[in-house]
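> heads up, no residue letters with this:
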């Protein structure tokens, strides 16, 4: 067994080890990456041949966390891991986006990368090591790959950038981003911030890149020690004569179409398709069976070149806009009467219809992951139905796209919800049309819907997607604001930035070209800020601030803090008391214990229900006062008196001698029975037992001397 290990020392003294040759040796490449007691196994397997007709990179990346890694059992009936949860899918996407651009463009074999968490002590965050592990597995394999990459998490804590912070450190951070890069270039950025400046974000990216360079160098050294040559392959057939013919006959027409400033997406697509169809018309059906796929591929390259040259040489975009121009925007709030808040946000041919629902503690999302347990009080869900792009196909549930886009929008908005906001908030964005960054439309529509719902957000948030067209290592480039779908597909960068007027709240960037300088990133961020402020002005023209009150049918929530010792009294045996309050008043009541009190949350859709429930709870937690008179109810009759309830859950004995001034031999003489109501005065509370001394007779006129029965 030939085990090879490389050690990386981080700036704070912690170490990362990469080990290969011990586990999963039948995979094309495998490594175990360890930091502290966190250990991830990464493997790569790639088919020897491509599926005929494949002209893309069929890469699958899966990140998995074993419950056993933290010494826990999975939930559910089967007690075993099931389909990936949202967190695992999000990490898989982060790794995929960093790896995919670095496979050779003519490599089309099915490739599977799997990263599995096998050990964790809950201190170091494993997702920050997933990109390094995946890249190292490819590095030690024979799978062709341009160069190693790595990913790190950067947090800013007390003004300092911290690489791969612990869970405890991250809680104190005002910035949390993941950065992927090669030795030379940033490839991917995603994260959230608490209104930081563009300069601060660039500083975090530079700090991340410095750490990544060390990790990439370790992989290069590991590759040299393993000494495995990259495989030879031939997975793409080409016809250079046909390629030149397609370019010669189609380029000028495609350029003219690109420069025609056609703002209608479908008309533009029809125009480009007509050029290709016209070229194909010179061939017979038999010839097209052989050459059709090649013609489509070569024409795609022609279309891409025409669009890019049009932008770089003439500054003309496909829809005729200037480079920094935002498409026309219109907004509307309160469109749907049923939800607690709703909004339409339309930017060009991208449109989101978003709703807000306000709920109680019972609506919280439960989180039960191997390393994270808890609840979420702010939820954002994103839906991308096929009709939004005019596709004739069924909708089959949510995929990785929906989870990823929704997560970005959630991070953009969540820090604008006040920390003490009593409601659970669910935002749902349904994309009605899509032609360029529906996730950013979701952020804008979410802001509008939250304000329409009366949610007291701290500040409005807007988002914009930036693009890049460049050549010759970016010596000539154009930064595009509010990119179209085609500009994303045919361009070199997709850079989404969200924020308030005062700073950035979230970002996501994918770079598809080498040699992107920090100068270009700085320009893109500055141009994004201009676009964001323009969009914010359109949002605030529609609704300047959150509505003063909730919608009439929205639940009202009030929070009471009660002494801990009364939590059991409010709940009652088997939940009898709290269930009774809900049944009698129609309100929803939830209670939890905090460090210093019991937090009672009461929700109701009417003032009567709210007041009734609160009165019941306050009566339960009220402390009886000596000297006070209470209107009580007889709960049971005993030979020596009766037990009466002076407050909900608080009973005391009204002794037979304290009912009347006259001497009573039996309770039958009083005429009292269960359910009767009687006023009593609290005379004293026994300090040892807490029992109440009650009297009814002191509330009656005292008979003159000699009038009492002897």
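Yep, that arrived. All values derive from a computational prediction rather than experimental measurement. Residues are numbered from 1 along each chain as shown.
> how far does stretch 94-106 stretch from start to finish?
Distance between the boundary residues of stretch 94-106 (Cα to Cα, to the nearest Å) amounts to 23 Å.
> how far does it sit from the chain's center?
24 Å (Cα atoms, centre = their mean, to the nearest Å).
> try stretch 194-210
On Cα atoms, centre = their mean, the centre of stretch 194-210 falls 21 Å from that of its chain.
> and for stretch 316-327?
The answer for stretch 316-327 is 31 Å, by Cα atoms, centre = their mean.
> now do the contacts for residue 141.
27, 28, 29, 44, 46, 228 (Cβ atoms under 8 Å, 6 or more residues apart in numbering). No exception for glycine: its C-beta is placed from N, CA and C like everyone else's.
> which of the residues you listed tops the neighbour count?
Among the contacts of residue 141, residue 44 has the most neighbours (other Cβ atoms under 10 Å), with 29 neighbours.
> that one in helix, strand or coil?
Secondary structure, DSSP: H, G, I helix; E, B strand; the rest coil: residue 44 is strand.
> who is it paired with across the strands?
residue 29, residue 113 (DSSP bridges).
> state the pLDDT value of it.
Looking at residue 44, its pLDDT stands at 97.
> repeat that for residue 680.
Model confidence at residue 680, expressed as pLDDT, equals 94.
> try residue 582
Residue 582 is given a pLDDT of 92.
> let me see the backbone angles for it.
Main-chain dihedrals, residue 582, degrees, to the nearest 10: phi -70, psi -40.
> check whether it really touches residue 588, as I assumed.
Yes - with contact defined as Cβ atoms under 8 Å, residue 582 reaches residue 588; the gap is 6.3 Å.
> surely residue 257 touches residue 275?
Yes - the pair formed by residue 257 and residue 275 meets the contact definition of Cβ under 8 Å, at 6.7 Å.
> where exactly do the helices run in this protein?
Ranges of helices within the chain are 86-99, 127-139, 167-170, 198-226, 240-258, 265-280, 285-314, 400-414, 438-452, 485-490, 518-542, 567-571, 576-585, 607-621, based on DSSP state H.
> of the ones you listed, which is nearest residue 178?
helix 86-99 (5.7 Å; Cβ to Cβ).
> before we move on, the earlier item: indicate which one of the helices of the chain is closest to residue 422.
Taking the helices of the chain one by one with Cβ to Cβ, helix 607-621 is closest: 12.7 Å.
> dump the helices of the chain to JSON lines, plus mean neighbour count and distance to residue 147.
Output for these, formatted as JSON lines (neighbours: other Cβ atoms under 10 Å; distance: least, Cβ to Cβ, whole Å):
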{"stretch": "helix 86-99", "mean neighbour count": "22", "distance to residue 147": "11"}
{"stretch": "helix 127-139", "mean neighbour count": "28", "distance to residue 147": "9"}
{"stretch": "helix 167-170", "mean neighbour count": "12", "distance to residue 147": "30"}
{"stretch": "helix 198-226", "mean neighbour count": "18", "distance to residue 147": "7"}
{"stretch": "helix 240-258", "mean neighbour count": "16", "distance to residue 147": "28"}
{"stretch": "helix 265-280", "mean neighbour count": "16", "distance to residue 147": "34"}
{"stretch": "helix 285-314", "mean neighbour count": "16", "distance to residue 147": "24"}
{"stretch": "helix 400-414", "mean neighbour count": "22", "distance to residue 147": "25"}
{"stretch": "helix 438-452", "mean neighbour count": "30", "distance to residue 147": "29"}
{"stretch": "helix 485-490", "mean neighbour count": "20", "distance to residue 147": "24"}
{"stretch": "helix 518-542", "mean neighbour count": "18", "distance to residue 147": "19"}
{"stretch": "helix 567-571", "mean neighbour count": "17", "distance to residue 147": "59"}
{"stretch": "helix 576-585", "mean neighbour count": "16", "distance to residue 147": "61"}
{"stretch": "helix 607-621", "mean neighbour count": "18", "distance to residue 147": "63"}
